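> predicted model and sequence follow; I will ask about them next.
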Amino acid sequence: MILVRKPKFELKDFPPKGHRLAHTVRSEEENWSSVARDYGFPDDPWAIIIYNFNTREPREVNWYLKELVGCERTTDGKNYSFSIGSTIYIPPEGWKPDYDELLRRAILTTLAMPHIQRIRLSIKGHNVNVSSYLRVANQVIDRAIRVRYDPRLKRSAKDFYDPVKNLFRFGWYYAPDVERQATIVHEATHAALDGASASDLVRRESEAAAYIAQSMFAWVAWGDGSRLGGASEGDALDTIFSNATEIAKAILADNTPAQADVDLLIKAIREHPWYSADHAKKVKYHGIP
Ligand SMILES: [Zn+2]
């Protein structure tokens, strides 16, 4: 089955303005990789795809291939393939995707997902719910919160929200799966608390809220009893997710989370090497102008 999704941000320009040339497919052997190779993007077929459709989301690429290019053939059963006569467009030499913009769209697309409506929690009187995420999304649209793709974060997996610069920084620029979408929810929770000027929170409390929201999102999105976890069961991060998920499940079932579970989550965060040095430090949530 070919997975398609109508993009939230539909293309305004197709063919893309300023293209170097229009390439018409002459053989069914051609694919994105061969075209990328032929036109000077040997290492990055996605550059050509993004140039044409301005997305890195495979389901949206399939949608455009069908709607704009008229593809109906598939060779792998998952994605549309070019047909003879299909036309795609070649970017100017040296063209590079706008990764920050792609990440910005991934964040906005995630914050508009229906699962977001299920998230609600309260930490020291600060409420986080669907309106919090809507506000964050609007701040991203207005560029009161900026967004940066930082490939150096790829290895450390330490994506973050910077409350001083009001800036999201991620080591990737597209979010096709629940893990990444849930990571966006985690960082957006920090941004929501910053927007709420929750400067009385300390780091471990802010992280607890973010992990609970992240776990709620994933629990709802998967809907099959799977939860987020660490690299291996029982590692420091897994302990955090295991405790956060217990709280997430209680809230989703309209129950008050058990204090013992909250204490366990706080303890797991305090003991995690990422947070142990500054878990008791006040966060710098002073509002987003
Ligand atoms: Zn965090």
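All right, it came through fine. Residues are numbered from 1 along each chain as shown.

> residues contacting the closest residue to the ion within the stretch 101-250 of the chain?
At 4.3 Å from the ion, Ala210 is the closest residue in the stretch 101-250 of the chain, using C-beta to the ion. C-beta: built from backbone N, CA, C; applies to glycine. For Ala210, the contact set (C-beta atoms under 8 Å, 6 or more residues apart in numbering) comprises His186, Glu187, Thr189, His190.

> just those residues now: which is nearest Leu252?
Nearest to Leu252, judged by C-beta to C-beta, of those is Thr189 at 15.7 Å.

> pLDDT of the strand or helix carrying the closest one, averaged?
For Thr189, the element it lies in under DSSP states H and E is helix 178-195. Mean per-residue pLDDT for helix 178-195: 98.

> so it, near the ion or not?
No: legend: contact between helix 178-195 and the ion by C-beta under 5 Å from the ion is lacking; minimum distance shown is 5.6 Å.

> report the buried residues of that helix.
Judged by neighbour count (16 or more other C-beta atoms under 10 Å), helix 178-195 contains these buried residues: 178, 180-195.

> and the next helix or strand after that helix, what's buried?
Per DSSP H and E, the first helix or strand lying C-terminal to helix 178-195 is helix 203-222. Under the neighbour-count criterion of 16+ other C-beta under 10 Å, helix 203-222 has 203-221 buried.

> quick one, helices of the stretch 51-200 of the chain?
Secondary structure of the stretch 51-200 of the chain, counting by DSSP state H, counting those that start in this stretch: helices at 58-64, 99-111, 130-141, 153-156, 178-195.

> any chance of those in JSON lines, plus distance to Glu233?
Formatted as JSON lines, the helices of the stretch 51-200 of the chain follow (distance: least, C-beta to C-beta, whole Å):
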{"stretch": "helix 58-64", "distance to Glu233": "30"}
{"stretch": "helix 99-111", "distance to Glu233": "27"}
{"stretch": "helix 130-141", "distance to Glu233": "30"}
{"stretch": "helix 153-156", "distance to Glu233": "22"}
{"stretch": "helix 178-195", "distance to Glu233": "16"}
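
> for Ile50, find the nearest of these.
In terms of C-beta to C-beta, the element of the helices of the stretch 51-200 of the chain nearest to Ile50 is helix 99-111, at 7.0 Å.

> just the angle between that closest one and helix 203-222, please?
Relative orientation of helix 99-111 versus helix 203-222 (axes from the mean of the first three to the mean of the last three C-alpha atoms, to 10 degrees): 70 degrees.

> and the angle from helix 99-111 to helix 130-141?
On the basis of the same axes, to 10 degrees, helix 99-111 is oriented at 160 degrees to helix 130-141.

> okay, now the domains of this protein?
As given by automatic domain parsing, the domain ranges for the chain are 21-90, 99-271.

> which of these sits closest to Asp13?
That would be domain 21-90 among these, by C-beta to C-beta, at 8.7 Å.
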